[in-house]
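> Build me a model:
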Amino acid sequence: MKLTLAASILALSSAVAFAENPMVGGAAMYEDKNIIENAVNSADHTTLVAAVQAAGLVETLSGAGPFTVFAPTNEAFAKLPAGTVETLLRPENKDQLVKILTCHVVAANAMAADIDKMIADDKGMHPVGTVGGCEFTAMKDGDAIKIKDGMGNIATVTIADVKQSNGVIHVIDTVLLPAM
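This next block holds a predicted model:
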């Protein structure tokens, strides 16, 4: 009986943890793990993980933070013109890859409610400065948070508030690009 009760409590606490912090790419995301430790388990972010590794940003994104990462899915990378990802992953294009990836990172712990408030306070459009020196625009479309990049592309946050030990991830459906 004690084992069954303990197992039930463990199952309930696991369910509560999952309810608070969503599954991403078929993998549980744990608040006590950092951005990299969680991202490597997401089947939806294998391209992003490969890009972060090629850019040499693993140590940075494993660091203390806080970081808000707008994390494009594999499908988001697939929307880029054919050959773009392969070209960016080449060693000679590392600087460009670092620029693009760091434009997905904000040096803050910005949960969706915080972003919503910033958008509302700025009357519908809030400038977002990134670690990579890009300035994007956060806005709302109904309940959805959208991010407009330097090229005019608009990404939608599809999964918000994936808490990490060093920040938060918001999954997005489009790769954000700096102004050229």
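> where along this structure do the helices fall?
Taking DSSP state H to define them, one finds helices in the chain at 2-20, 35-39, 46-55, 58-62, 74-78, 84-88, 94-102, 112-121.
> These into CSV, with extra columns for mean neighbour count, distance to T158 and mean pLDDT?
Every C-beta, even on glycine, is put in place using the N, C-alpha and C of the backbone. Output for those, formatted as CSV (neighbours: other CB atoms under 10 Å; distance: least, CB to CB, whole Å; pLDDT from 0 to 100):
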stretch, mean neighbour count, distance to T158, mean pLDDT
helix 2-20, 10, 17, 42
helix 35-39, 23, 15, 87
helix 46-55, 19, 14, 91
helix 58-62, 16, 20, 89
helix 74-78, 17, 9, 94
helix 84-88, 15, 20, 92
helix 94-102, 18, 19, 93
helix 112-121, 14, 12, 95
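> Tell me which of the ones you listed lies nearest to G133.
When those are compared for distance to G133 using CB to CB, the nearest one is helix 94-102, at 7.7 Å.
> Kindly calculate the angle that the closest one makes with helix 46-55.
For the pair helix 94-102 and helix 46-55, the angle between their directions (axes from the mean of the first three to the mean of the last three CA atoms, to 10 degrees) equals 130 degrees.
> any residues touching helix 94-102, and which ones?
51-52, 54-57, 88-89, 130-133, 175-178 (CB atoms under 8 Å, 6 or more residues apart in numbering).
> ok, now with 6 Å
Residues outside helix 94-102 that contact it (CB atoms under 6 Å, 6 or more residues apart in numbering) are 55, 57, 88, 131-132.
> Distance to A160 for the helices of the chain - can I get that in CSV?
Listed next are the helices of the chain as CSV, based on distance: least, CB to CB, whole Å:
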stretch, distance to A160
helix 2-20, 12
helix 35-39, 15
helix 46-55, 17
helix 58-62, 19
helix 74-78, 15
helix 84-88, 25
helix 94-102, 20
helix 112-121, 4
